[in-house]
Structures are given as structure tokens and as C-alpha cells.
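Sequence and predicted structure, then a few things I'm wondering about:
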Amino acid sequence: MTKDNLGACNTSNKAVLAWVQEMANLCRPDQVFWCNGSNEEKVALTEEAVRKGILIKLNQKKLPGCYYHRSNPNDVARVEQSTFICTVDQEEAGPTNNWMAPREMYQKLRGLAAGSMRGRTLYVVPYLMGPPGSPLAKVGIELTDSIYVVLSMGIMTRMGDVAYQQLGPGDEFNRGLHCMLDVHPERRFIAHFPQDNAIISVGSNYGGNVLLGKKCLALRIGSYLGRQEGWFAEHMLIQSIESPSGEKTYVAAAFPSACGKTNFAMMIPPAHFRGWKIRTIGDDIAWMKPGPDGRLYAINPEAGYFGVVPGTNSKSNRNAMEMLSHDTIYTNVALTPDLDVWWEGKDGPVPKECLDWKGNKWTPDSKEKAAHPNSRFTTPMANNPVLAPEANTPDGVPISAIVFGGRRRDTVPLVFQAFNWVHGVYIGATMGSEMTAAADGVAGQVRRDPMAMLPFCGYDMGDYFRHWINMHRAIKHPPRVFHVNWFRKNAQGEYLWPGFGENMRVLKWIVDRCAGRVDAVESALGWIPNPKSFDLRGLQKFNLEQFEQVQSINHGEWRREVLMQEELFMKLYGHLPKELIFQRELLVARL
Ligand code: GTP
Ligand code: SPV
Ligand code: MN
């Protein structure tokens, strides 16, 4: 395609043509731009974004291919109170989701969208979630008036002609409409219509609210379809662990937003673990389906990472620092006078002066943070120095372990293993975690976040637990289930566990448990490591006593924990599987 016909219509799919026409008639853009995913297109749209001040070109000597974006200060995270599941019956959405009848929501949002793209361009963004040709992959089309969304979708998904190829002549694609409007919280709605495989998002231009392939399609709509079709759509990283002898194990792990998935997915094992290799298949989302051999197979539907920036440095995550050094969009970090980026926790000296994420002058004396706590990078997975080649395998990888984990300063030990599948479902279902800056709300407050899916489950949470329990029958060799907590603190507020690369020690125990190679001790919560066979060698300033502290189970704290779980169970009572109530009774009996 030459430069002259950039933006020209590139599909003959009748359903696509008709729907785009219908939406253009509604939104009234000055022009329609059909994206094909080519490099010329990316270059041209990037230049246009720079010309319009939507992106700032960063110092290309230090950060080749990198750009900077500031979102509206009222629009810096997901907004759960504005997120809706619009099923015909309210009961189907369940008590943990906001609900509105589809007819009412369509009417409301079509009203807001009407004429909203006058003077603007409507971009048609076809995208594929999953490796091309994968039986699990899904096609979506996002119509948006945000060039930042187009460029981000180009990184986060397999965007362009490849999606039309997968779609063929059919009409089975997710219909996503995104209108920025005036980016006002009162006119901000992220609405899902699972029965129509459709999404409408208005009034935001931020990450999880507007990159519709990610949380909206891959998780909310995905989980709804997964229950109908017999698979899982989960908020999980996927990693491969290769031992020095070449044995490969695949692990999927669900931690809530900003609780360590990206870091765990690409961690660097400490020196003691020479010969062990960790590689990333995905850092945020897993689609998993039983395979013909009775194991559970997982793909990463995404092609890029939209990750938390603050705290990233060469000590916590050297792979990430390398990954972010080129071809990355930075959103809401600080900008230095030489057009470099900075954030709290970055290596090197604190800049004497810079512009904070709002564009205001910032110095080390400033009271506010220079980078927003939920500032993010958008980077292609190909940038990841430890990307697993299996990230592109259409059939996915067989999962040996599922790991749940929250951010808990107390109560929850470093690691324990479920006694069996239903107990594992109970452990995931009752997960608690301190809230983070990834969503609007009170950071630090503990809330129940079942399987890290509270903001992302597209139907009744009790039915979701039922789906998890039922799937056991379809998986002859189910993964073993574990729970971890990297965030336990002592009375002085210091982390009890060094975390990051040292999490390899926990991972090795998990891998060995899956292979039946290491013993464990029975506890009230599940199987826990025998301190004698848990590998602490080479870990500086960490003794067995500290290990026992981070593993300790305080029965008083756990009785309180069970009461907190009860609140969720009461809320979900109507659809809560009885198995989980029995699991709770068994736990109480053990405490
Ligand atoms: P989302 O993209 O929001 O879904 O988040 P995520 O789960 O991928 O979280 P991420 O890996 O980006 O980590 C979020 C924050 O937790 C960062 O500030 C990290 O520095 C911090 N973190 C990650 N792993 C560890 C760990 O092992 N120990 C400690 N103490 N902090 C960690
Ligand atoms: C999360 O909040 O879990 C994210 C970031 O991964 S966002 O895409 O904004 O939802
Ligand atoms: Mn996430």
C-alpha cells in the first residue's frame, strides 16, 4: 500500500462494512480511516499525533522509537463504578457488577455518541486476540476517534489485515465503539453487551477503559463466552520455567491489578539458580481450554504489555528496563528537560527538575509524586528479552500449576498449596488483596478479589465459581493450585520477603511439587514447604527463622479472615456453589 491510499477501506466483509457505516452515520466523523497495521501507517499516525500534541517525541538517542503521552488528570485509571455488564436479566450480571438493561444503555450511549465525532476522524481498528490460526483466537474491531488508542492497539494486539484474514467472510467479531467525547467523568461509561458480543466505551482515553481488546473483550466478554463454550478467560500471566536439564513447566498466575504479574512473568532468577530460565508467554491475560490430551492449554491473547512503570529498575526487573528502552509509549510518567522519562524508583539520581505527569514543574522538594502511581508503559511483547517463542504457538502451552496471589501485609503466608481442585477453587474464590492505583478507589484497603477477576468477570461471580468447579470434569490432568503472597510485612512495615527474582525459590518449590519431587507439610491452609527442603541457599541476610515468620499461620488472624470471606459469600449466596461453603467449614474445623 502506498502512502496515498493510507486509510483506504481494506475489507470486503459485508458485516464489517455495514456496521462501520451504521456507526459512522451515528458519530458523524469528518472521515473514516481504515487501519491495516502496516509500518507506514504507524509512522504516519505517530507523526500526526506528535503534530497534534497527543504524543511528545522522546530523546531518540536515549530512547529510540519512544513517545510520551499525558492523559487527562481526571482519567488515569480504570473506573469500576462506570463499568457495566448489560445482560437482559440483571441476575445474570450478578451482585458484583453494575448492570443496566441493554436497551436502556444502548439508548443512553447512542445519545452520547451521536454526532460526537464531528470534525474528527473515526479509525477502524481490526485486531486479533491470540496467535493467528489459533482455535482460541478471537477477532474484534474497535472504532475509535483516539489516535492514541489506535497506536496503543497496534502494540497491544495483532492489529490490521491479519484480523480480516482470520475473520474471513463471517460476521463473528466483537463490535467495539469508543468515543472520547469531552473526557468527563460524568459522561464516562464502559458498557459490555455480552449477548451481542459488543462493547461501547465513552468519555475516557485511558488504558483498560479504552483498549477494548484487553479487559473488555479478553476478560469481561471472554469470561462470558468461556462459560458457554467451555474455556477460561483469566487475569493471569503465563510463564515457562526451564530447568538446567531442559525440563519445561508452564505456570499461570492470577494476581490482582498492580500486584506483580508482569514482574513475575519476566523475572530473572538469582545467581544460585544458574541454568534455570524463565520466559514469558503472557503478562496479564490467559485464555485456557482443555486439550485433547486432557491437560489445560493456555494462550496469551495479547501481543504487548500495558504495564506499571513506578518501581521498575535494573534491580527489580532488568529485563523490563531493557524492554522499555525502545519502541515504547510512556503514559503519565515524568518528563526531564532532555526529553528522557523518570519515575519514582528508577535507577540513577533523582532529576533536579522535571515536569510531572500533569506537566507541572517538579523538583525533589515537591510534595506530589512526579510520575502517577498508575503510570504505564505500552510496549510490544517482541521487546521482551525473555519472550517465550511459545507466545506465538496457536495451540498454547499445557499448564501444570495455577497460582493465586494477593497483596497482603499480614495474615497470608508466602506460599501454600491446595489439597485438591475444589479446595484450589475455594482459595482463588476467597482471595483478598489491598487495592492499588490501577483503579479508582482507596488504595491499601483489603477487599475480596476472587481470582483477581472482581473487576473483570462478565457474569455472576457465583456462576463463575461453578464454572471453575465444573471444568474439573473436562480436565483429566488438572493443574495443581497454589497461593502466594510477596507482600507480607513485619511490625516495622518492612517486607518480610525480598520478592522479585527471589520469587524463583517459591516457583522452584511449585515446579517440584507438580513433578512430585519435594515433600510438604500439612497445615490448616493447605500443603506448605518443609523448611528443610525449601531452597534458601545463597539468599543473603535471610535465615530459617525469617522463613518461618513469612510462612507463619496465625489462627487468630485466620479466623478474622474467614469472617471477611463470609461477607463475599453472603453477597453471592444465591448462586454460590455449596462445595465452597463446605470448604469453608473444613477450613474452620482445621483452624
Ligand atoms: P496490572 O498490569 O495492573 O494487571 O499489574 P501486574 O500484576 O502486572 O503488576 P506489576 O508486575 O506491574 O507490579 C506492580 C507493582 O508491584 C510494581 O510497583 C512492582 O514493583 C511491585 N512488585 C512486583 N513484584 C513484587 C515483589 O515480588 N515484591 C514486592 N515487594 N513488590 C513487587
Ligand atoms: C489492570 O488494571 O489490571 C491492568 C491495567 O492491567 S488496565 O489495562 O488499565 O486495566
Ligand atoms: Mn491487569
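Done, it's in. Ligands and ions are numbered 1, 2, ... in the order given.

separation between residue 513 and residue 533?
Distance, residue 513 to residue 533, using Cβ to Cβ, to the nearest Å: 11 Å. No exception for glycine: its C-beta is placed from N, CA and C like everyone else's.

Over in the stretch 351-500 of the chain, which residue gets nearest ligand 3? Let me know.
Nearest to ligand 3, among the residues of the stretch 351-500 of the chain, is residue 438, at 6.9 Å (Cβ to the ion).

close enough to count as contact, that residue and residue 307?
No: using Cβ atoms under 8 Å, residue 438 is not in contact with residue 307, being 10.7 Å away.

what about residue 244, distance to residue 519?
Residue 244 is 21 Å from residue 519, where distance means Cβ to Cβ.

ok so, going back, the residue of the stretch 351-500 of the chain closest to ligand 3: what's it in contact with?
The contact partners of residue 438, taken as Cβ atoms under 8 Å, 6 or more residues apart in numbering, are 77-78, 208, 257-258, 308, 374.

now, which of those residues sits nearest residue 343?
Of all these, residue 343 sits closest to residue 308, with 9.7 Å by Cβ to Cβ.

which residue packs closest to the closest one, ignoring adjacent ones?
residue 258 (5.2 Å; Cβ to Cβ, 6 or more residues apart in numbering).

pLDDT, neighbour count and secondary structure added to the contacts of residue 438, as JSON lines?
Formatted as JSON lines, these follow (pLDDT from 0 to 100; neighbours: other Cβ atoms under 10 Å; DSSP: H, G, I helix; E, B strand; the rest coil):
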{"residue": "77", "pLDDT": "95", "neighbour count": "24", "secondary structure": "coil"}
{"residue": "78", "pLDDT": "95", "neighbour count": "22", "secondary structure": "strand"}
{"residue": "208", "pLDDT": "96", "neighbour count": "27", "secondary structure": "helix"}
{"residue": "257", "pLDDT": "96", "neighbour count": "25", "secondary structure": "coil"}
{"residue": "258", "pLDDT": "96", "neighbour count": "24", "secondary structure": "coil"}
{"residue": "308", "pLDDT": "97", "neighbour count": "24", "secondary structure": "strand"}
{"residue": "374", "pLDDT": "97", "neighbour count": "26", "secondary structure": "coil"}
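
quick check: mean pLDDT across the longest strand along the chain?
The strand that spans the most residues within the chain, counting by DSSP state E, is strand 121-129. For strand 121-129, mean pLDDT is 98.

and that strand, what other elements does it pack with?
On a contact count with 3 or more Cβ pairs under 8 Å, 6 or more residues apart in numbering; DSSP states H and E, strand 121-129 meets helix 14-27, strand 31-34, strand 138-144, helix 147-156, strand 158-159, helix 161-167.

What is the burial count for the residue of the chain found nearest ligand 1?
As assessed by Cβ to the nearest ligand atom, ligand 1 sits closest to residue 499 within the chain, at 2.5 Å. Number of residues near residue 499 (other Cβ atoms under 10 Å) recorded here: 17.

distance between the ends of stretch 534-547?
End-to-end distance for stretch 534-547, by Cα to Cα, to the nearest Å: 9 Å.

returning to that earlier point: pick out whichever of the contacts of residue 438 sits closest to residue 194.
Nearest to residue 194 among the contacts of residue 438: residue 208, at 17.4 Å, using Cβ to Cβ.

tell me the contacts of the closest one?
Going by Cβ under 8 Å, 6+ apart, residue 208 touches 77-78, 214-215, 306, 438.

what are the phi and psi values for the residue nearest to residue 308?
phi 60, psi 40 (degrees, to the nearest 10).

for the one 5 residues further on, same thing?
The main-chain torsion angles of residue 263 are listed as degrees, to the nearest 10 and equal phi -60, psi -40.

residues contacting it?
If a contact means Cβ under 8 Å, 6+ apart, then residue 263 has 316-317, 320, 500 as its contacts.

cutoff 6 Å now
By Cβ atoms under 6 Å, 6 or more residues apart in numbering, the residues touching residue 263 are residue 317.

Please determine how far it is located from residue 147.
In this structure, residue 263 and residue 147 are 30 Å apart, going by Cβ to Cβ.

same deal with residue 130?
The value you get for residue 130 to residue 147, if Cβ to Cβ is used, is 25 Å.

now do residue 396
Residue 396 is 33 Å from residue 147, by Cβ to Cβ.
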